[in-house]
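*Asks:* A structural model of the following input is requested.
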Amino acid sequence: MRGPAPGFRDALESLAVHQVEFVVVGGVAAVLNGAPIFFEE
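*Replies:* Model (predicted):
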């Protein structure tokens, strides 16, 4: 399984540290909520 895009976690941590309200949507939100993902290579 691959991890999040480089810097994505850092961006979320920075938003949280600075108490910025944000919403994560789409495929990233699905994965963060435990949706299975499959990659074909």
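
*Asks:* Which residues does the top helix by length along the chain contact?
*Replies:* The single longest helix within the chain, with elements called by DSSP state H, is helix 8-17. The contact list for helix 8-17 (Cβ atoms under 8 Å, 6 or more residues apart in numbering) reads F22, V24, V28. C-beta here means a position set from N, CA and C on the backbone, and glycine is covered the same way.

*Asks:* give me the low-pLDDT residue ranges for this protein?
*Replies:* Along the chain, segments meeting pLDDT under 70 span 1-6.

*Asks:* The same query, at a cut-off of 50, please.
*Replies:* Confidence mapping of the chain against pLDDT under 50 gives the ranges 1.

*Asks:* Strands of that one, start to end?
*Replies:* Counting by DSSP state E, the chain has no strands at all.

*Asks:* what residue lies at the spatial centre of it?
*Replies:* Centroid check for the chain by Cα atoms, centre = their mean gives V28 as the closest residue, at 4.7 Å.

*Asks:* List the buried residues in the longest helix of the chain.
*Replies:* Buried positions in helix 8-17, judged by neighbour count with 16 or more other Cβ atoms under 10 Å: L12.

*Asks:* Pull the distance from it to the chain's centre.
*Replies:* 10 Å (Cα atoms, centre = their mean, to the nearest Å).

*Asks:* ok, now stretch 8-18?
*Replies:* For stretch 8-18, the distance to the chain centre is 10 Å (Cα atoms, centre = their mean).

*Asks:* same thing with stretch 15-31?
*Replies:* The answer for stretch 15-31 is 7 Å, by Cα atoms, centre = their mean.

*Asks:* Same check on stretch 33-40?
*Replies:* 12 Å.

*Asks:* CA atoms of that stretch as PDB?
*Replies:* In PDB, the C-alpha atoms belonging to stretch 33-40 read as follows (Å, rounded to 0.1, in the frame of the first residue of the first chain):
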ATOM      1  CA  ASN A  33     -12.000   6.800   7.000                       C
ATOM      2  CA  GLY A  34     -10.800   3.300   6.300                       C
ATOM      3  CA  ALA A  35     -12.000   2.600   2.700                       C
ATOM      4  CA  PRO A  36     -10.000  -0.100   1.000                       C
ATOM      5  CA  ILE A  37      -7.900   1.000  -1.900                       C
ATOM      6  CA  PHE A  38      -6.400  -1.100  -4.700                       C
ATOM      7  CA  PHE A  39      -3.600  -0.200  -7.100                       C
ATOM      8  CA  GLU A  40      -3.100  -2.000 -10.400                       C
END
